[in-house]
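>>> Below: sequence and its predicted model.
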Amino acid sequence: MKKVFVFCIGGTGIRVMKSITMLMAGGMNTNGYTVVPIILDPHLDLEEKKNLHSLLDSYINIYQQSINNGSSTLNHLDGFFNSEIRLLNQLNNQSNNTQQVAGSKEKFGSYINSAALGADDINNLLIETLFSSKNLNNQLSVGFKGNPNVGIVVLGEMIEGADWFKAFKMHCEKEDRVFIISSIFGGTGASGYPLLEKKIRGSENEPTVKNAIMGAVSVLPYYGLKDPATTGSDIDSANFYTKTKAALAYYENTVDSDYLYYIGEKTLKQVYENDEKKQDDKANFIELVAASALFDFLNKEKPDKRQFLSRAIESDEESLDLISMGSGYKEMIKSVADYMLLRNFVNKLPSESYFPLKVSRGFNDHFYKDASFLALKRFTDIYYQWYSELAQNKRTFAPLHYDELKKMGGWIKGMELDAKDDSYYLLRMIQKSNQEKGEDHSNKFRFFLQFAYDAINSYTSKIKK
């Protein structure tokens, strides 16, 4: 199998990987690449990192259930959950936890052992020049608080000699690729991307690693934080653009990715609570756009020289839909629309008494209580929450009338679907079942996903035309 190692650096990397997972669940494929996410963030107890690990486990479980045929393995599906995700520890039986070195309550000053210097040691002047007293007193367990000068020191230790980095280099093969996700305006991402890239390109003893096709998405400022004067935080979003300009100047002559995507907003449209410990930020449209960069990258060949790319929208609207986003986003909107329609089936069919496939295909009470279907329902509930956040954030990604299922013909904004209500889709599921009775497997869960996708796609395929 060919793989793409996706390094998710910092909070932005985590949130973009969540959007990648959701788009894959909705049917966007990775051109045959197995996605291997590697999360690089020093936060010990960050809830969104735990949630991402749980989401990835759920996706992997559903994917495996869809290809399981007892003693044999089936090909992947064409629609929902069609591409594989594997964790690094599944490749090499190594820990996928990349936070161990930096993830402690130790202060940065203690970490670099500054106390061991004598009072008259000239190196004290160097440390005071490079790091503020706040830098030296910050605990590493809550990240680098927008300070790449701290991040570059600690992340170097997280990478050098780490089991997970050795495992990555061991399993990076000829057709494999590397993709790095980070922000450019904080501490972890801004320092982590060029450092990690340098480590990979400097792998002289592993030419396959050194020469792997590499892509990266660097997320520009897209949200603000409440005034630190009122929150007591050490992070001031008023400095985001200044930090971005400095980082861009450095990246211009330093980074060496084959494809580098820049994604961001012109203004900081959303303002979040300034809480470094929780970082309980809602899903944002910019993270979704950044996620789309991975799928674009996996369909490109190695270029003759570095390529710099970005994305635009058709109209600068506060609420985005099929029309205002433009034709380049049709596949993304279809993926989201398809999965939100699947949610309708997942919620409605367990109580549908007269659905013919209840008898002929076994979509009965026992099926809806099975672990596979329950796992799908849990994932679908998380998906719904994710989309709801996108549809309510600033700027809003809201291409669907997603709570108006009785008006399904106009369910996608800017387009009229031929299916006026869910009976159209259920009939298509029945018709697809009749065509597939010769299938040589007994995986009911796979049939459910296959029939549901075929029914939905028969109506939503016009989105991409």
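That came through, no problem.

>>> What segments of the stretch 51-200 of the chain are helices?
Assigned by DSSP state H, counting those that start in this stretch, the stretch 51-200 of the chain shows helices spanning 88-92, 108-111, 123-130, 133-137, 148-159, 163-171, 188-201.

>>> Confidence-wise, which of those helices is weakest overall?
Looking over the helices of the stretch 51-200 of the chain, mean pLDDT reaches its minimum on helix 108-111, with a mean of 50.

>>> so what's the backbone phi/psi at the closest residue to Tyr223 other than its chain neighbours?
Distances taken as CB to CB, 6 or more residues apart in numbering put Gln270 closest to Tyr223, at 4.7 Å, once the chain neighbours are dropped. In this view, the C-beta of every residue, glycine as well, is placed from N, C-alpha and C. Per-residue torsions, Gln270: phi -110, psi 140 (degrees, to the nearest 10).

>>> and Gln270, how far is that from Ser310?
To Ser310, Gln270 is 20 Å away according to CB to CB, to the nearest Å.

>>> Next: Ala216.
Separation of Ala216 from Ser310 (CB to CB) stands at 13 Å.

>>> Pull up the overlap in contacts between these two.
Counting by CB atoms under 8 Å, 6 or more residues apart in numbering, the shared contacts of Ala216 and Ser310 are Tyr261.

>>> Compare these two (neighbour count), which wins?
Ala216 (26 against 13; other CB atoms under 10 Å).

>>> Name the nearest residue to Glu173, ignoring sequence neighbours.
Among residues not flanking Glu173 along the chain, Thr208 sits closest, at 6.2 Å (CB to CB, 6+ apart).

>>> check contacts around the one you found.
By CB under 8 Å, 6+ apart, Thr208 lies in contact with Cys172, Glu173, Lys174, Asp176.

>>> does it count as helix, strand or coil?
Assigned by DSSP: H, G, I helix; E, B strand; the rest coil, the conformation of Thr208 is helix.

>>> Please apply the same query to Lys3.
Three-state secondary structure (criterion: three-state DSSP) places Lys3 in strand.

>>> who's in contact with it?
Applying CB under 8 Å, 6+ apart, we find Lys3 in contact with Tyr33, Thr34, Val35, Val36, Arg86, His171, Cys172, Glu173, Asp176, Arg177.

>>> closest to Ile159 among these?
Cys172 (14.4 Å; CB to CB).

>>> Which positions in stretch 363-381 come out as buried?
Phe363, Phe367, Tyr368, Ser372, Phe373, Ala375, Leu376, Phe379, Thr380 (16 or more other CB atoms under 10 Å).

>>> So which of those are in strands?
Among the buried residues of stretch 363-381, DSSP state E puts none in strands.

>>> For Gln435, state which of these is nearest.
Checking these against Gln435 by CB to CB gives Phe363 as the nearest, at 16.5 Å.
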